[in-house]
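S.K.: Next comes the sequence, and after it the predicted model I'd like to discuss.
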Amino acid sequence: MFYTFFTLAAGDTAATKSPFGNPVILIAVFGVMFVVMYFTSIRPQKKRQQEEQKLRDSVQIGDDITTIGGITGKIVTVREDSVVIVTSADKTKMEFKRWAIQTNDTANARAAEEKAALEAAKAQEKEEKKTGSRRTKKSDIDDTKK
């Protein structure tokens, strides 16, 4: 199948019957395929890598982290390219490279709390709008009675 496609695209005599007989069309098809590949795989991967790097650069002393090996602990020392964590009640210290950090559990908890607080504020604001409009209507009725 691919052989037929490429021989037709290369300009064989039978290529005049094929829509891919023109090399410009073949290049356009490959260009469209590259653009589709870029937006479906390359771009999302770059975004994930940037987010991971941002996470690794934002660790602080006292954060609870999980490494790519599944080891959890609290950061006690932050260096340029590594971190030292305490992993158990026995105060076992281990040093890891920053690239070995998979998640920052403290930052994830903070983000979840902020999200919950934001949602609660939105719900409260929505409730205030509902009760505020009812009060306005009720106060209008009271004013007409006086």
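M.R.: Good, I have the coordinates.
S.K.: Walk me through the domains of this structure.
M.R.: Domain segmentation of the chain under automatic domain parsing yields 2-55, 59-103.
S.K.: which one of those domains is the most hemmed in?
M.R.: domain 59-103 (a mean of 14; mean count of other C-beta atoms under 10 Å). (C-beta placed from N, C-alpha, C; glycine too.)
S.K.: Following the chain past the helix or strand bottoming out on mean pLDDT in the chain, name the next helix or strand.
M.R.: Within the chain, no helix or strand scores below helix 2-10, which has a mean of 56 by mean pLDDT, DSSP states H and E. Later in the chain than helix 2-10, the nearest helix or strand by DSSP states H and E is helix 23-37.
S.K.: average pLDDT for that following helix?
M.R.: Helix 23-37 carries an average pLDDT of 90.
S.K.: ok, the longest strand belonging to the chain: who's next to it in the sheet?
M.R.: If you go by DSSP state E, the chain has its longest strand at strand 72-78. Paired strands of strand 72-78, with direction, are strand 64-67 (antiparallel), strand 82-86 (antiparallel) (DSSP bridges).
S.K.: where in this protein is pLDDT low?
M.R.: 1-20, 133-146 (pLDDT under 70).
S.K.: Quick check, central residue of it?
M.R.: Nearest to the geometric centre of the chain sits residue 48, at 5.8 Å (C-alpha atoms, centre = their mean).
S.K.: give me phi/psi at that residue?
M.R.: phi -60, psi -40 (degrees, to the nearest 10).
S.K.: residues in contact with it?
M.R.: Under the criterion of C-beta atoms under 8 Å, 6 or more residues apart in numbering, residue 48 has no neighbours.
S.K.: For residue 122, find the nearest of the domains of the chain.
M.R.: domain 2-55 (25.0 Å; C-beta to C-beta).
S.K.: No further queries at this time; thank you.
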